[in-house]
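[1] Using only what follows, build the 3D model:
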Amino acid sequence: MKHETARASSLLSSGAVRTRAEIMLGLGLQDQLPNFRVDLEKLDAATELVIATTRKAYPSLVVPFHSRWRHFVIDGEDRYAALAAAAPRPDRAARARAAFDLAIVSVFLDAGAGAQWRYHDAETGRAFGRSEGLALASLDMFGRGMFSSSSADPLRADASALTALTEQALAEGFQVTEQNPLPGVEGRTKLLRALGERVAAHPAVFARQDGPRPGGLFDHLAALADDGAIAAPMILAVLLHQFGPIWPSRLTLDGIALGDCWRHPSLHIAGATDGLVPLHKLSQWLAYSLIEPLEDAGITVTDIDGLTGLAEYRNGGLFVDTGVLALRDGAEAAREHDVGSTLVVEWRALTVALLDRLAQAVRGKLGMDARALPLASVLEGGSWAAGREIARQRRPDGAPPIKVVSDGTVF
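    Next up is the predicted model:
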């Protein structure tokens, strides 16, 4: 492997995300970043808000992982569990493949919904926005067999159905109208088609026990497990290598697609990866979401804290709204920013590093350790919900404090 190829591959890991985010935070603490100032004295306020939010949602402080599965629970009813119970699978592996199908498709569709869009839920009569709405929409589409080419087995996703997916069908599934706009429908459609093409082209990974389907990745990960266990960073590495080529063309290095990885002029690293900031938000969100199906199938997932916090606008918004991060130019808050802009890359990287410090502070105040309250639980309890709550308090539409132009494929 050439040196540049090895360095490119090294960016496809949670370790690279954490290491480079820490470098960015170090620069921020030295007041050497172009867009944000960092004030760690304000972290205590963010910590207290996260603790209060966590206690309200989980009074026992037994907090599940932050994952897609939380969004399928409405008013205490687990919608996916009810759906799966109506179509029982013959064994744990078959159940895991179906759960992987849903998680992969649903997470890939979860890339920002904007402030206006709502999904009207027929069962409750309520309207849900943002991640909860996207989750319910994807679950309902999955339940109707929209991602399956088999009428006899609708609760699955497979290469044939995904590659044939139309933008119109997806827009209808999301209930998109002129009055109910959803940004990035075209990008999401292209992404799912690319997913289908990738799955079809690699049967050794995705069709070990069945026809080519995203859920076939379960069998691939099961084969990688050592004595029935697999580390969470390994799950992410597999996701990044297997799904990296499906993302829209952004940065590549020596022929390797770097995915959710961007440039920042302040990050100086010797060699071919100078200035590159990997974040891998959706892929890490997916890695967190695959832990429960793997463990339900009897595979232990270790080193869950080896993954990082998620570089998205709720976690990032928490730090801006509590004053931990402050824009040098306050006028930037009124402007829209491309996801690849220096400002947004800086914001997201700082968010990742600050979430590690937030998790330590939360545990310290609660007298808990990382085993009792892993980072995935701090996110769920937690930082994501607190970021959303303070956004609602600060702005009538609950929008994040910084406006990001979304193409439906990042966050």
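
[2] And the strands in the stretch 101-250 of the chain, which stretches?
    119-120, 127-128, 229-231 (DSSP state E, counting those that start in this stretch).

[3] Which of those strands sits closest to Glu172?
    Closest of these to Glu172 is strand 119-120, at 12.0 Å (criterion: Cβ to Cβ). (Each C-beta comes from the backbone N, C-alpha and C, glycine too.)

[4] residues in contact with the nearest residue to Cys261 once chain neighbours are set aside?
    Among residues not flanking Cys261 along the chain, Pro278 sits closest, at 4.3 Å (Cβ to Cβ, 6 or more residues apart in numbering). Going by Cβ atoms under 8 Å, 6 or more residues apart in numbering, Pro278 touches Leu11, Leu12, Ser13, Ala16, Val17, Arg20, Leu258, Gly259, Asp260, Cys261.

[5] Kindly recompute the last result at 6 Å.
    Going by Cβ atoms under 6 Å, 6 or more residues apart in numbering, Pro278 touches Leu11, Ala16, Val17, Cys261.

[6] Checking the second one next. Helix, strand or coil?
    To tie it back to what came earlier, the one meant is Ala16. The three-state label given to Ala16 by DSSP: H, G, I helix; E, B strand; the rest coil is helix.

[7] what's around it, how many residues?
    Look at Ala16: counted by other Cβ atoms under 10 Å, it has 21 neighbours.

[8] Check the closest residue to it other than its chain neighbours and give its pLDDT.
    Leaving aside its sequence neighbours, Ala16 sits nearest to Pro278 (Cβ to Cβ, 6+ apart; 5.0 Å). Note on Pro278: pLDDT of 96.

[9] With Ser266 as the reference, measure out to Pro278.
    With distances taken as Cβ to Cβ, to the nearest Å, Pro278 is found 15 Å from Ser266.

[10] Which residue ranges of the stretch 301-411 of the chain form helices?
    313-321, 342-366, 375-378, 384-394 (DSSP state H, counting those that start in this stretch).

[11] out of those helices, which comes closest to Ala84?
    Comparing the helices of the stretch 301-411 of the chain by Cβ to Cβ, helix 375-378 comes nearest, at 22.6 Å.

[12] Tabulate the helices of the stretch 301-411 of the chain (a markdown table), appending distance to Ala103, mean neighbour count and mean pLDDT.
    Below are the helices of the stretch 301-411 of the chain laid out as a markdown table (distance: least, Cβ to Cβ, whole Å; neighbours: other Cβ atoms under 10 Å; pLDDT from 0 to 100):
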| stretch | distance to Ala103 | mean neighbour count | mean pLDDT |
| --- | --- | --- | --- |
| helix 313-321 | 20 | 26 | 96 |
| helix 342-366 | 22 | 22 | 98 |
| helix 375-378 | 15 | 26 | 96 |
| helix 384-394 | 17 | 20 | 95 |
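
[13] Let's have these in CSV, adding distance to Arg156.
    As requested, the helices of the stretch 301-411 of the chain are exported to CSV (distance: least, Cβ to Cβ, whole Å):
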stretch, distance to Arg156
helix 313-321, 31
helix 342-366, 34
helix 375-378, 27
helix 384-394, 29
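
[14] Which residue, other than its chain neighbours, is closest to Val50?
    Val50 sits nearest to Ala386 (Cβ to Cβ, 6+ apart), 4.7 Å away.

[15] Run through the residues that contact that neighbour.
    By Cβ under 6 Å, 6+ apart, Ala386 lies in contact with Leu49, Val50, Thr53, Leu318.

[16] Tell me which two of those residues sit farthest apart.
    Thr53 and Leu318 (9.7 Å).

[17] and Asp369, backbone torsions?
    Here is the backbone geometry of Asp369 (degrees, to the nearest 10): phi -110, psi -180.

[18] try Val176
    Dihedral angles (degrees, to the nearest 10) for Val176: phi -80, psi 130.

[19] contacting residues for the closest residue to it other than its chain neighbours?
    Excluding the flanking residues, the one nearest Val176 by Cβ to Cβ, 6+ apart is Leu182, at 4.9 Å. Residues near Leu182 by Cβ under 6 Å, 6+ apart: Ala113, Trp117, Phe174, Val176.

[20] picking that back up, looking at the contacts of Pro278, which one is closest to Arg357?
    Nearest member of these to Arg357, counting by Cβ to Cβ, is Val17, at 15.3 Å.

[21] Correct me if wrong: the closest one contacts Leu307.
    No: counting by Cβ atoms under 6 Å, Val17 stays clear of Leu307, with 8.7 Å between them.

[22] CA atoms only for stretch 293-303, dumped as CSV, please.
    Extracted C-alpha coordinates of stretch 293-303, given in CSV (Å, rounded to 0.1, in the frame of the first residue of the first chain):
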residue,chain,number,x,y,z
PRO,A,293,-29.3,-5.4,16.4
LEU,A,294,-25.8,-7.0,16.7
GLU,A,295,-26.2,-7.5,20.5
ASP,A,296,-29.8,-8.9,20.0
ALA,A,297,-28.2,-11.4,17.6
GLY,A,298,-25.8,-12.5,20.3
ILE,A,299,-22.7,-10.5,19.2
THR,A,300,-21.1,-8.4,22.0
VAL,A,301,-20.1,-4.9,20.9
THR,A,302,-17.0,-3.5,22.8
ASP,A,303,-15.2,-0.2,23.1
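
[23] per-residue confidence averaged over it?
    97.

[24] Which secondary structure element of the chain has the lowest mean pLDDT?
    helix 3-10 (a mean of 72; mean pLDDT, DSSP states H and E).
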